[in-house]
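1. When you get a sec, could you give me coordinates for this:
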Amino acid sequence: MAVRKLDFLYCGSANDSFFAQIAFARLCLDVLGGDYRDARVVVALAEYETPEVPARWQPYFERIEVIWANPDGLPNDGWFLQHYARYPAIRDDADLAVISDADVCVLCPFDRLIDELIAAPAIAGVIAHYHFPLDGQRGDPDADWSRIARHALGRDVARAHRYLYGRDPYEARIHDAAARPPAPFYLNYGVVMGTPRLLKTLGAGEMALKPVVEEITGPYWGPQVTLALTCDDLSLPVRALPPRYNWANRPETIELYPGEAAQIALFHYMDKKDINGSRIFTTEDHFRAFIEAEYQGSNEILRRHVLKVSGGRYPFPARS
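-> As a prediction, this is how the structure comes out:
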């Protein structure tokens, strides 16, 4: 198998939660070996007093590149500075890049998908769980997408995909996929993959369109909505992936997609109902409490993975 050059690019703020999550993400890649161990890992940080990795985290960051994305202390609504700092940082000669949230870790190799996206380049990711809220209220997918697209692009957009779970997290889950509301290529931004050329085109296009979209969405949902509209506006090739490539630790995922649970490649520990993913790796007490707890479903899958790659040790090993 040919050596593939992979970039994994994360973002966050300069605090223990994000330093810990990025350190663990690096460890998960290292234990897989091969192209994953050799992968380049980058993190863009924008909230900090001093652009320096604290001493306690430096051993873990020897093979992690840090971008200090806000040297002038500019306003940063929606954390857009660190988010968009990742796109120009992608190596031009990388074979594939993965834009990722800090609370995402790789559980197992996904070589086949990597090879497919190299051979047939596309922006790839998992469609978002539910429709986004506007003005603090859950809206109407039909009316909202038409309104935003006409405002930003001057026309409607095609909606060839379906939300992953349904219309609204406060309504009953929709088990029939065909009954879920249609959506454009509206991804959960926890994981987005593509070749350098496509991702850099996407990032630049988003930056140009984002201010117009956020006149309606506001800064929090702006990037996800703008990604969908940018892909449509620039006619970028896209590929919707199954949940295993951005597996959320929400009960809906394992209920609606039980067959995917044994094939999880990228695990997104975003849901805080039963665990607090921002604290798991910050102290030995939090770490020990997590690996010694009893969980069900997705969180138990995560617990077993953490135990496996860390050996149950804290601080977990920094691999050189």
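2. Now for Thr201: which residues touch it?
-> Residues counted as contacts of Thr201 (Cβ atoms under 8 Å, 6 or more residues apart in numbering) are 234, 236. No exception for glycine: its C-beta is placed from N, CA and C like everyone else's.
3. buried ones in the helix or strand where it lies?
-> Using DSSP states H and E, Thr201 sits within helix 196-217. Buried residues in helix 196-217, defined by neighbour count with 16 or more other Cβ atoms under 10 Å: 196, 198-203, 205-206, 209-210, 213-214, 216-217.
4. and if you look at stretch 69-78?
-> Using 16+ other Cβ under 10 Å as the test for burial, stretch 69-78 gives 69-70, 76.
5. Now do the end-to-end distance for that stretch.
-> Taking Cα to Cα, to the nearest Å as the measure, stretch 69-78 stretches 14 Å from start to finish.
6. Distance from it to the middle of the chain?
-> 21 Å (Cα atoms, centre = their mean, to the nearest Å).
7. Give me the contacts around that stretch.
-> By Cβ under 8 Å, 6+ apart, the residues outside stretch 69-78 that reach it are 11, 44-48, 51, 81-82, 85, 214, 218-220, 222-223.
8. Put the buried members of those residues into a PyMOL selection.
-> Here is the PyMOL command that selects the buried residues among the contacts of stretch 69-78 (16+ other Cβ under 10 Å):
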select buried, resi 11+44+45+46+47+48+81+82+85+214+218+222+223
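9. Sitting in helices, which of the contacts of stretch 69-78 do you find?
-> If you go by DSSP state H, the contacts of stretch 69-78 have 81-82, 85, 214, 222-223 in helices.
10. now these as JSON lines including distance to Asp16 and pLDDT?
-> JSON lines is the format used below for those (distance: Cβ to Cβ, whole Å; pLDDT from 0 to 100):
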{"residue": "Leu81", "distance to Asp16": "20", "pLDDT": "94"}
{"residue": "Gln82", "distance to Asp16": "17", "pLDDT": "96"}
{"residue": "Ala85", "distance to Asp16": "21", "pLDDT": "97"}
{"residue": "Glu214", "distance to Asp16": "30", "pLDDT": "95"}
{"residue": "Gly222", "distance to Asp16": "28", "pLDDT": "94"}
{"residue": "Pro223", "distance to Asp16": "25", "pLDDT": "95"}
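11. Closest one of these to Arg250?
-> Closest approach between those and Arg250, by Cβ to Cβ: Pro223, at 20.5 Å.
12. Would you confirm that that closest one contacts Lys210?
-> Yes - under the criterion of Cβ atoms under 8 Å, Pro223 is in contact with Lys210, at a separation of 7.0 Å.
13. ok so, going back, any chance of the buried residues of stretch 69-78 in a markdown table, with distance to Gly139 and pLDDT too?
-> Listed next are the buried residues of stretch 69-78 as a markdown table, based on distance: Cβ to Cβ, whole Å; pLDDT from 0 to 100:
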| residue | distance to Gly139 | pLDDT |
| --- | --- | --- |
| Ala69 | 31 | 95 |
| Asn70 | 32 | 93 |
| Asn76 | 26 | 87 |
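14. which among these gets closest to Ile118?
-> Looking across these and measuring by Cβ to Cβ, the closest to Ile118 is Ala69, at 28.1 Å.
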